[in-house]
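[1] Pasting the sequence and the predicted coordinates here, then a few questions.
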Amino acid sequence: MYLKRIEIAGFKSFAERTIIEFNEGLTAVVGPNGSGKSNITEAVRWVLGEQSAKNLRGGKMPDVIFAGSSSRSPLNIAEVTLVLDNEDHFLPIEYSEVSVTRRLTRDGESDFFINKQRCRLKDVISLFMDSGLGRDSFSIISQGKVEEIFNSKPEERRAIFEEAAGVLKYKNRKKQAEKHLGETDDNLSRVQDIIYELEIQLAPLKKQSDNATQYLALKETLSEQDISMTTHLIEETKEKWEKNKEQLRQKKQALEARELEKITLEETLEQIKLEQETLEQMLDNHQQRLLDYSTQYEQLETQKRVLEEKQKFSVQTKESQQKTLRDLDTQKELLRREIDTLKQDEQELIQEKQAIQKDTYRMREELVQYSKSAKEQLDDMRSDYLEYMQQQSHVNNELKHLEKQYSQETNKNSREINHYEQLISLIKEKQETLENLEKEYDIKKANVVTYLEDYQQKRQVKEQLNTKLQKLNTQLMDALRILQQAQAKQKSLKELQDNYAGFYQGVRAVLKDKQQFPGVVGAVAELIEIPEAYQLALETALGTSVQHIVTTDDQSAREAISYLKKQRLGRATFLPLTTVKARFIRQDVLDKVSHMSGFIGVASELVSYDETVAAIMKNLLGLTIVADSLDSATHIAKQIKFQYRVVSLDGDVMNPGGSMTGGMSKNGQSMHWFSQSKELQEIEKQLSQMTTLYQQKEAEVSHIKEELVVVDESLEQLRQLGEEARLTEQQLSTQVSLLTQDVSQLEKEKKVIEYEQSELNQFLTLYQQDKENYELEQKELEKKIAELDKKMADVDQLEATNLEKKEELTQSLAKKEAELAVVKEKLSQLNEKQKERIERLDVADKKMSDMLQETQSNEQDSSHFHEEEARIIKEMGSVSNKREEILTQITEAKTQREHYTTSIKEQEKIVEKNRQDIQVLISQRTELDIIQGTCDNQLDSLLTYLQEEYSLTFEAAKERSFIIENVASVSQNIRELKRKVADLGPVNISAIAQHDDILERYDFLTSQRDDLNLAKDELKETMDEMDMLVMKQFHEVFCDIREEFRQVFPKMFGGGHADLILSDETDLLHTGIDIVAQPPGKKLQQLSLLSGGERALTAIALLFSIIQARPIPFCILDEVEAALDEANVTRFGNYLRHFGDATQFIVITHRKGTMESAKVLYGVTMQESGVSKIVSVHLEEMEKLETTLK
């Protein structure tokens, strides 16, 4: 096996993914200090599982991720992969090529992979354990590792030999075994403590268990007598309850009749009141309408008066406005004429002023000329000449500058025109885009609003559905509760019927085991249906025969009787269908009584039954007549001479022979059966209805839940659509905003160009004017210069005539200046007048405009007034008619109201009388309810006591009860038993089970203690075996390394000898290892007494010895020869080459001798600051190339 390549990405200075290929033999990695070559060693150590950031020259593990440079940003992930050739399956894995990867992110998440499959750090460490390739093994040797060998203590130096011996896994297993042994001791200690605690608990629990057993025996006897006493009390209370029930039923019937009457009376009263209230409302409405119509009529009259006043004022205003308009028109005409006259006078004065100013200027010029001497005039002329020449030069320069500026402006204008056209096109394009975006934005915004509205509507729908669902759930739970109560009651009644509660013991025994007797049809009570109206009468007529058992034949009856005798289960009466015959009343008797008052019918004809048992029913009831009352029964019995039995609906009996039976059965057992059957039928009917109702509610709930699911899905869809539309809207809004800014900026540029165009046009206009002015000025200057040339030639001849002309000009000038002052004063006065007239004209124009608007408005108001007046007059007529109609309706309603008032008073008296009757009945019913409630409470209390104390129903308790003949004696026994139970004091019933449980646990833990002791002995035996194996392997490898060291040392030093010595040969598990060496020319001494170079070379010799004794696939040496001189470096390099066939060496170095021994040379450089790069050179190929070239 050998290392094929390393892939590094983002680790320390390797910012880019870097792949370093390795061949077998020696590979050297060189580079200047700080270039990152040692980062390759640390990358290998890191991927093999190094967990200490300090060993990787960092503060914390994320420091190994590339931190960035001046030109690169930091990375967020570091990854290193080692690819190993495993053709010889040196590693215990089935793959021929093994890749090990470690990845770390900036947030501290770390992952390991073996052949790209995620794994744990433990898996990576296990893969390389005892292979010599671990993170702390001698496969990675740095200068610090060499120093550690000769600086460490003998005991610490032992770890290198243990790694070479491959005993680390055994030591790890021993540590695990020691850990398990410690845990076993802890568990054993805890188990022993628990056993001790259980032994303490067992003795008192035994005593408590005995007390509990005695308590249960007493409790059983007490329960039997207490249950019997309670059952006896229940039967007494039940009898009292039945008596009170009938009285309460009668009161309730009377009260219900009164209540129905009350409802009818109150409905009649409410109807009358409702009609009166309706009439009152109608009357109030009529009066309100009358008031409204009166108010409306008064308002219309007021409006009419106001309109008349407004019309009158409008006519007066119109006449005043027309007069004012005529006056204003006249005034404006006069002012216009005055203004025209003033303007004409002003023009004449301006012309006169200009003429006088021209003459004055000319005279002053001449006067100045005549006031000077000839010499002064000549000097002035020369000065003027120079000034004219300068002006001429200035004008020429201005013309040139003007032409240059014109050329620049026209060129600039050409460029701006092109730019302006581009701007216009671009603005138009962007505005079109902006309009489209705004339209799209408006659509999206509308969509958002729509989605929001739809969402709100759906939310409201959901809230409504939730409210409805909550209401339905409440109804559903109420319905379920009622249904469950009804089902419980049905079940209870069904159980009573199935158990034949109330039947004699013998009857119950046969009926409950009916499957044993195929010939048993059933009890009479089961085979007959009695209408509710005749229930009491027919129950009385049947008497105990309701419990008679109908059989198919007499054989079946005999079998049942035999069974009862054999099992001693009681007695029963049987009615075989084959032997029992129907009985009938004579027809003449029937004909006689059928038309008598109170006669209802023959009992057998008033009930329902199956035709198969008709003979039985006619036998039992065929000779019984039913009458409506005891009086009727007595009368009928007398008429038929007491031949047959006559029963009244109240259960009174006229027996054959004339005897009478009446009252109520003491136990009421038979009636109890029929009432239960009737109640069961009613409950089953109600159950069917309630089940249907419950299913409907359940379906409604299910439907609403489905609707809620649909609404939730719609809400989610609307939310997503809304979010998408909102996002699109925001994006469009941003685009619109940006595009608006662009258009605004372009518009500003456009306005700048337009402004510059305006400036240019103004410039061109001024340019032409300035050019013409400059050219004209140039001509005038040329003319003035020519005139001055001529004047300077004639200046001497002029001096004689100047004095006379000066005097003349002075007088003329004074006269002109006086004229000019007069003209200026006139012109100023004229301007003031003209300004005043114009202001007055403006005021008149404004007044006239305002007046015309007021006149137009006044005419419109006048037209509106006429229309409004006509409308008001018409409406007043309509309101007056309606008011008369309402007055008539009010009179009729008041008459009808009096009639209703009288009717209400009479009906209220009747209702009050009914209420008093109801109060009396309620009072009587309340008294009976209290009695009934007392009985109910007593029954509930007794039944609850049975249920809570003994978990028994009344029927079950009755079966366990015995007949109480002496209540006082049984009560005394119960008290005595309770006293004995109390004397026992607090009893822990659970002590029996606790004692059994703890005893069982005590036995279990004792067994566990024995198992733990056995496991402890087995662990110690295993540890001893591992110690023997470690000592054996360690001693064998130590001897091999020692032999190799004795041979390698002289080769490395060129002589001398060295040895490895165990510090304690008797303790191979813990002994340290001393290194003694004798370099050539020196005496034998400890490693610590050698020089630095000698110690380094000795340590390297030891490493080579270990590799020789225990070859490893590859070894990375990081500047281990740094302390050696050149001769030893060369010897070191040769030795590496010697080992190259067995072990692949990768050497980080900057020593020449080591580089010369390498087959492949990698250079690490930092062409870019902070980023390492790899350059490779195959030295053997270079040597071949040099040989070829030579």
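    Okay, I see it. Numbers count the residues shown, from 1 in each chain.
[2] Give me the pLDDT value at the residue positioned nearest the centre of the chain.
    The chain has E716 as the residue nearest its centroid, 12.2 Å off, counting by Cα atoms, centre = their mean. pLDDT for E716: 75.
[3] before we move on, what about K806?
    Turning to K806, the model gives it a pLDDT of 61.
[4] Wait, a strand at the residue nearest to the centre of the chain?
    No - using DSSP: H, G, I helix; E, B strand; the rest coil, the assignment for E716 is helix, not a strand.
[5] gap between it and E777?
    As judged by Cβ to Cβ, to the nearest Å, E716 and E777 stand 88 Å apart. (Each C-beta comes from the backbone N, C-alpha and C, glycine too.)
[6] Over to A993?
    With Cβ to Cβ as the criterion, A993 and E777 are 138 Å apart.
[7] more neighbours, these two?
    E777 (16 against 12; other Cβ atoms under 10 Å).
[8] from what I can see that one touches E398, true?
    No - shown here, E777 and E398 do not form a contact pair, counting by Cβ atoms under 8 Å, at 9.3 Å.
[9] Count the residues that sit near A572.
    Number of residues near A572 (other Cβ under 10 Å) recorded here: 23.
[10] On the three-state scheme, it is what?
    Look at A572: counting by three-state DSSP, its state is coil.
[11] Touching, it and L564? I think so.
    Yes - if you go by Cβ under 8 Å, A572 and L564 touch, sitting 6.4 Å apart.
[12] Common neighbours of those two, please.
    Contact with both A572 and L564 is made by residues 506, 509-510, according to Cβ atoms under 8 Å, 6 or more residues apart in numbering.
[13] next one: phi and psi at the nearest residue to S96 once chain neighbours are set aside?
    Leaving aside its sequence neighbours, S96 sits nearest to E87 (Cβ to Cβ, 6 or more residues apart in numbering; 5.1 Å). Note on E87: backbone dihedrals following degrees, to the nearest 10 are phi -60, psi -40.
[14] From Y2, how far off is E87?
    Applying Cβ to Cβ, the value for E87 to Y2 is 9 Å.
[15] Mind checking which of the two has more residues around it?
    The residue with more neighbours, out of E87 and Y2 and counting by other Cβ under 10 Å, is Y2; that gives 17 against 10.
[16] ok, the more buried one to S604 distance?
    115 Å.
[17] before we move on, what about Y950?
    When distance is defined by Cβ to Cβ, Y950 is 45 Å away from S604.
[18] and what of E352?
    For E352 relative to S604 (Cβ to Cβ), the value is 158 Å.
[19] Comparing those two, which residue is more hemmed in?
    For the pair E352 and S604, the greater number of neighbours falls to S604 (24 against 16), based on other Cβ under 10 Å.
[20] For the more buried one, which non-adjacent residue is spatially closest?
    Closest residue to S604 apart from its sequence neighbours, by Cβ to Cβ, 6+ apart: L621 at 4.0 Å.
[21] Look at that neighbour and report its pLDDT.
    We have a pLDDT of 90 for L621.
[22] residues near it, how many?
    26.
[23] Kindly report the same for D85.
    By other Cβ under 10 Å, neighbour count at D85 equals 19.
[24] could you say what helices and strands the helix or strand harbouring E246 packs with?
    For E246, the host element (DSSP states H and E) is helix 168-371. Using 3 or more Cβ pairs under 8 Å, 6 or more residues apart in numbering; DSSP states H and E, the elements in contact with helix 168-371 are helix 669-950, helix 954-960, helix 967-983, helix 990-1053.
[25] Only the buried residues of the second one, if you could.
    Same thing as helix 954-960. For helix 954-960, the neighbour count (16 or more other Cβ atoms under 10 Å) marks 954, 956-958 as buried.
[26] okay, the residues you listed in CSV with distance to Q829 next?
    Shown next, in CSV, are the buried residues of helix 954-960 (distance: Cβ to Cβ, whole Å):
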residue, distance to Q829
F954, 138
A956, 141
A957, 141
K958, 144
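[27] what mean pLDDT would you report for stretch 398-414?
    Across stretch 398-414, the average pLDDT comes to 76.
[28] In it, which residues are buried?
    398-399, 402, 409, 413.
[29] Pairing partners for A1077 in the sheet, please.
    A1058, Q1085 (DSSP bridges).
[30] That one - how many residues pack around it?
    Look at A1077: counted by other Cβ under 10 Å, it has 25 neighbours.
[31] before we move on, what about A1123?
    Neighbours of A1123 under the rule other Cβ under 10 Å: 20.
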